[in-house]
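Trainee: Based on what follows, work out the 3D shape:
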Amino acid sequence: MLKDQVAIITGASRGIGKEIARQLAEQGMKLVLAGSSEEVHQTAEELKKTGFENIISIQSDVSREKDVQNLVDKTLAAFGQIDLLVNNAGVGFFKLTEEVSLDEWKKVFEVNVQGVFLGAKAVLPHMKKRKSGNIITISSDVGRYTIPNGAAYTATKYAVQGFSGSLAQEVREFGIRVGTINPGMVDTYFAGSTQGIPEKEEWLKVEDIAKAVVYMASAPQYMVVDEIILHPLVQNYPIA
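Mentor: Below you'll find the predicted structure:
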């Protein structure tokens, strides 16, 4: 179902984004990988060496409108269409509220919220014209409950949930589907952590998140998967 469709993936240099790219490539999609560092080009080359074609990489800062518009323009120039936007880029830190600087507060909102807004805004004219498209945002389970030492990060994820819900209602008449994937603890590089360490052995894997993206994107056109929440069994997730 996804074969020959075109996807933009932000935060695709490593971790969850890189695995999303790999699994979407396995589905036969044409990919545009976006990342804030030159590492994104290495990721694209790695995927090409494993036999996947139709992959380009563009160094982009999702918090900058010009970068995001350039990303969309180059995607359309290369492939002629955009079927899927995966907003995966994100940053986070965890400290007491009074220890958070204003620059840190601004940065996490610029990437986690503004980046999602700018990505959606840039692809919507094209998707509306074609009357189809998917916008999937990798959010977090803390968009549904709160944690100590995470006020800034948690606030961004609540904002993403609100934005995505409102956007979904705006665009459904154009055949565009909007959804969020909200994982709990994932073994990745997030917040300066190390992937693959023993302490994370029973956490979710990047493969699990990528599978959720494939599932959401592959749903029949008449069906909207609004949200997927997933956790490792070892995480004590508050339901309310």
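Trainee: Ramachandran angles for the residue of the chain positioned farthest from its centre?
Mentor: In the chain, the residue that sits farthest from the middle, by CA atoms, centre = their mean, is Glu98; the gap is 29.0 Å. In terms of degrees, to the nearest 10, the main-chain angles of Glu98 are phi -70, psi -10.
Trainee: what's the distance between Ile136 and Gln221?
Mentor: 15 Å (CB to CB, to the nearest Å). To be clear about C-beta, it is placed using only N, CA and C from the backbone, and glycine gets the same treatment.
Trainee: One more: Lys3?
Mentor: Lys3 sits 15 Å away from Gln221, going by CB to CB.
Trainee: same deal with Leu31?
Mentor: Counting by CB to CB, the gap from Leu31 to Gln221 is 21 Å.
Trainee: Contacts only, for Ile56.
Mentor: Leu31, Val32, Leu33, Ala44, Lys74, Ala78 (CB atoms under 8 Å, 6 or more residues apart in numbering).
Trainee: Closest one of those residues to Lys200?
Mentor: Taking CB to CB as the measure, Lys200 lies nearest Leu33 of the contacts of Ile56, at 24.7 Å.
Trainee: these two touch, right, the closest one and Val40?
Mentor: Yes - Leu33 is in contact with Val40 according to CB atoms under 8 Å; the separation is 5.3 Å.
Trainee: which residues of the chain fall in strands?
Mentor: Using DSSP state E, the strands found in the chain span residues 6-9, 30-35, 55-59, 84-87, 133-138, 176-183, 227-230.
Trainee: could the ones you listed go into JSON lines alongside mean pLDDT and distance to Glu201?
Mentor: Converted to JSON lines, those look like this (pLDDT from 0 to 100; distance: least, CB to CB, whole Å):
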{"stretch": "strand 6-9", "mean pLDDT": "98", "distance to Glu201": "27"}
{"stretch": "strand 30-35", "mean pLDDT": "98", "distance to Glu201": "27"}
{"stretch": "strand 55-59", "mean pLDDT": "98", "distance to Glu201": "31"}
{"stretch": "strand 84-87", "mean pLDDT": "98", "distance to Glu201": "27"}
{"stretch": "strand 133-138", "mean pLDDT": "98", "distance to Glu201": "22"}
{"stretch": "strand 176-183", "mean pLDDT": "98", "distance to Glu201": "16"}
{"stretch": "strand 227-230", "mean pLDDT": "96", "distance to Glu201": "17"}
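Trainee: that older thread, looking at Ile136 and Gln221, which has the bigger crowd around it?
Mentor: Ile136 (25 against 10; other CB atoms under 10 Å).
Trainee: what sits against that one?
Mentor: Ile136 is in contact with Leu84, Leu85, Val86, Asn87, Val178, Gly179, Thr180, Ile181, Val213, Met216, Ala217, counting by CB under 8 Å, 6+ apart.
Trainee: Please apply the same query to Lys18.
Mentor: Ala12, Thr43, Val206.
Trainee: same thing but 7 Å
Mentor: Shown in contact with Lys18 (CB atoms under 7 Å, 6 or more residues apart in numbering): Ala12, Thr43.
Trainee: do Gly196 as well
Mentor: Asp187.
Trainee: Walking through this structure, point out its helices one by one.
Mentor: For the chain, applying DSSP state H gives helices covering 15-26, 39-49, 65-79, 102-109, 115-130, 151-171, 206-218.
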